[in-house]
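Peer 1: I'll drop the sequence and a predicted model, then ask my questions.
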Amino acid sequence: MSTRVEKVFVVDDEESMRVSIAQWLSLSDYEVESFDQADAVLPHLSVDFDGVLVTDIRMPGMDGIELMEKALAIDYQIPVVFITAHGDIPMAVSAMRSGAYDFIEKPFEPEILLETIRRAGEKRRLILENRALKSKLDQSTGLEKKLLGNSEPIQFLHQEIQDLGPTDASVFLVGETGSGKEVVARCLHEISGRGKENFVAINCGAIPETLFESELFGHEPGAFTGAQGRRIGKFEKANGGTLFLDEVNAMPPNLQVKVLRVLQEREIERLGSNKAIPIDIRIISATNGDPRQACADGSFRQDLYYRLNVAEIKIPPLRQRGSDIILLFEYYCLQAAERYERDTPPLDNDNIRLMMTHNWPGNVRELKNAAERYILSSLPPQQRVRHILQHSSLEKQSEFFSLADQAANFERCVIEYSLKRHRGNVSAVLEELELPRRTLNQKMKNHGISRKNFLQENENNDL
Ligand SMILES: Nc1ncnc2c1ncn2[C@@H]1O[C@H](COP(=O)(O)OP(=O)(O)OP(=O)(O)O)[C@@H](O)[C@H]1O
Ligand SMILES: [Mg+2]
């Protein structure tokens, strides 16, 4: 979301018009190319065209309407703006129905033209960014698509999922609320041999104790008062697949014993039946608390904990994920902009700084909501992030987020953002940040930043 569309092609047979439009636009730093006939501009258009096409309607040879049709055949989302004489307005209106972006009636104020081009350019930029993101996601593997992020902690998490996913090991996920525990559980399931079978989630914190047992084990008709009909429990539903015990710390103690027995014996009985049903499931558990503390204070059985925690995966909180904050924010902004048909105003440095030093107690879920509100907000873009973060219901003090941590996080972000802007060109970063090379190298090493993550494909920038 960092650069605007800067190219404008102007097509008009009238020289004075071409010259004045080019002058106005150049003053606003647009890169303008003028053409005196429509067919001359066509070879310059492509699906990658990062600009706006401005054209007169009546011209000798190919007219503006035919030009629009040909341009839209190259890419149906190229923004075409017509400049029309008064008598041609009905034609321009009908062209808009066929896909033109807008029209401006002659004579017009330069500000009107500039504003229309700015909006058209913004829309085009969004379209191109969305396409680039989609094609990047299409090229990435399943895991990279589902669990987004380039930061070192996320790369490490990908590796752990790759290592543990295909096994039947019981995995225990520990992570703060909204950090992605369910996403990780589903990824583990999908890359396991059980991926085609059921993934069944049960939220142990949300089920009343009296219903828990029948929820897990199922029951036969008449097993207890009110048990009408037969019910298949979660264990059976997950048979062959994966059972996800979410908020496992909240499981009532008497249930903990029963679950432990199932895990040992690998069979269940429905309530009201004494027929044993063999169970072949993989268990993934999750908590946002401290499981060891729960064992120490006796609220969670240690023997069950050891069975569930053959392997533990810690999911990093968002505030420890550096530039992923901006990457995910931009991703969710693009999604929201597309959904609500809104612009995505670029993030300025102040907004970036605020996001990088925010504590994100609600992690990715909070960030996703923030991005949506950023897109829907009517405040000036520079004020939006501050406003959203101030009003975030989850916002807490920064007591867990020391000054040193905030400063380090901010430093990492500035370096990563500069590398991103300069596509991994370290010389440009040195110049921008006014740093000696050795200092930059040292800081990149300290923060675990790798230049190769910022290189554009096929680009070979000098070191
Ligand atoms: N790395 C990620 N990439 C993309 N989306 C993510 C990522 N991590 C989390 N999300 C998204 O953030 C939201 C919260 O994730 P999820 O529900 O997995 O969190 P959780 O840890 O289970 O939270 P809770 O403790 O509140 O249950 C979801 O919308 C999820 O799709
Ligand atoms: Mg969850």
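Peer 2: Received the coordinates, thanks. Ligands and ions are numbered 1, 2, ... in the order given.
Peer 1: Going by C-alpha atoms from here, please, whenever you check contacts or count neighbours.
Peer 2: Will do.
Peer 1: What about E15, how many residues nearby?
Peer 2: Residues contacting E15 under the criterion other CA atoms under 10 Å number 12.
Peer 1: Can you give me every residue that contacts it?
Peer 2: D36 (CA atoms under 8 Å, 6 or more residues apart in numbering).
Peer 1: quick one: it from M62, how far?
Peer 2: 17 Å (CA to CA, to the nearest Å).
Peer 1: Please list the residues of the stretch 201-350 of the chain that sit near ligand 1.
Peer 2: N288 (CA under 6 Å from any ligand atom).
Peer 1: What segments of the stretch 201-350 of the chain are helices?
Peer 2: In the stretch 201-350 of the chain, the helices defined using DSSP state H, counting those that start in this stretch lie at 209-217, 234-237, 253-265, 291-296, 302-308, 324-340, 349-357.
Peer 1: Out of those helices, which one sits most buried?
Peer 2: helix 234-237 (a mean of 22; mean count of other CA atoms under 10 Å).
Peer 1: Show residues contacting that helix.
Peer 2: Counting by CA under 8 Å, 6+ apart, 198, 200, 202, 215-218, 243, 268, 279, 281 sit against helix 234-237.
Peer 1: cool, stretch 176-193 as well?
Peer 2: So stretch 176-193 is contacted by 143, 146-147, 161-162, 164-168, 173-175, 195-196, 199, 241-242, 244, 284, 286-289, 315-318, 361-366 (CA under 8 Å, 6+ apart).
Peer 1: neighbours around S135, how many?
Peer 2: 11.
Peer 1: So it: helix, strand or coil?
Peer 2: helix (DSSP: H, G, I helix; E, B strand; the rest coil).
Peer 1: what's the answer for E366, then?
Peer 2: E366 - assigned by three-state DSSP - is helix.
Peer 1: residues near the residue lying closest to it once chain neighbours are set aside, how many?
Peer 2: Nearest residue to E366 in three dimensions, chain neighbours excluded: W360, at 6.8 Å (CA to CA, 6 or more residues apart in numbering). If you count neighbours by other CA under 10 Å, W360 ends up with 25.
Peer 1: From N369, how far off is the residue of the stretch 201-350 of the chain found nearest ligand 1?
Peer 2: Going by CA to the nearest ligand atom, ligand 1 is nearest to N288 of the stretch 201-350 of the chain, at 5.8 Å. Using CA to CA, N288 is found at 20 Å from N369.
Peer 1: What of G205?
Peer 2: In terms of CA to CA, G205 sits 24 Å off from N369.
Peer 1: One more: G61?
Peer 2: 52 Å.
Peer 1: D348 too?
Peer 2: 19 Å.
Peer 1: ok, these two, which is more surrounded?
Peer 2: N369 (17 against 12).
Peer 1: Just the pLDDT for that one.
Peer 2: Looking at N369, its pLDDT stands at 94.
Peer 1: I'd assumed it was in a helix, is it?
Peer 2: Yes. Assigned with three-state DSSP, N369 falls within a helix.
Peer 1: Neighbours of the residue of the stretch 201-350 of the chain closest to ligand 1, how many?
Peer 2: Counted with other CA under 10 Å, N288 comes out at 18.
Peer 1: show me the contacts for it.
Peer 2: By CA under 8 Å, 6+ apart, the neighbours of N288 are 174-177, 247.
Peer 1: could you flag which of the contacts of helix 234-237 are buried?
Peer 2: 198, 200, 202, 215-218, 243, 268, 279, 281 (16 or more other CA atoms under 10 Å).
Peer 1: Buried residues, stretch 158-168. List them.
Peer 2: 158, 160-162, 164-168.
Peer 1: about what we covered before: out of the contacts of N288, who's nearest ligand 1?
Peer 2: T177 (3.4 Å).
Peer 1: separation between that closest one and D246?
Peer 2: When T177 is compared with D246 (using CA to CA), they lie 11 Å apart.
Peer 1: now swap in F108 and tell me
Peer 2: Applying CA to CA to F108 and D246 gives a distance of 62 Å.
Peer 1: What is the burial count for the nearest residue to G222 once chain neighbours are set aside?
Peer 2: Among residues not flanking G222 along the chain, Q228 sits closest, at 6.0 Å (CA to CA, 6+ apart). Neighbour count of Q228, defined by other CA under 10 Å: 12.
Peer 1: And for N150?
Peer 2: 18.
Peer 1: Where do the strands of the protein begin and end?
Peer 2: Ranges of strands within the chain are 7-11, 31-35, 51-56, 80-84, 102-105, 171-174, 199-203, 218-219, 231-232, 242-246, 267-268, 277-278, 282-287, 311-314, based on DSSP state E.
Peer 1: For the residue most central in space within the chain, which residues are in contact?
Peer 2: By CA atoms, centre = their mean, the chain has its centre lying nearest to Y331, at 3.6 Å. Residues near Y331 by CA under 8 Å, 6+ apart: none.
Peer 1: do the one 5 residues further on as well
Peer 2: Applying CA under 8 Å, 6+ apart, we find A336 in contact with 342, 371-372, 375.
Peer 1: And S450, by the same measure?
Peer 2: Neighbours of S450 in contact, by CA under 8 Å, 6+ apart: M444.
Peer 1: Relative to ligand 1, how far out is it?
Peer 2: As judged by CA to the nearest ligand atom, to the nearest Å, S450 and ligand 1 stand 19 Å apart.
Peer 1: got it, and I78?
Peer 2: Taking CA to the nearest ligand atom, one finds I78 at 30 Å from ligand 1.
Peer 1: doesn't E69 make contact with that residue?
Peer 2: No. Look at I78 against E69 with CA atoms under 8 Å: they stay out of range, at 10.5 Å.
Peer 1: Give me the more crowded residue out of these two.
Peer 2: I78 (28 against 17).
Peer 1: The residue lying closest to the more buried one once chain neighbours are set aside: how many residues sit nearby?
Peer 2: Computed as CA to CA, 6+ apart, the closest residue to I78 that is not its neighbour in sequence is L72, at 6.3 Å. Neighbour count for L72, taken as other CA under 10 Å: 20.
Peer 1: Isn't L72 up against E66?
Peer 2: No. Here L72 lies out of contact with E66, judged by CA under 8 Å, at a distance of 9.9 Å.
Peer 1: circling back to that earlier point, out of the helices of the stretch 201-350 of the chain, which gets nearest to G424?
Peer 2: helix 324-340 (15.8 Å; CA to CA).
Peer 1: Report the mean confidence score over the closest one.
Peer 2: 89.
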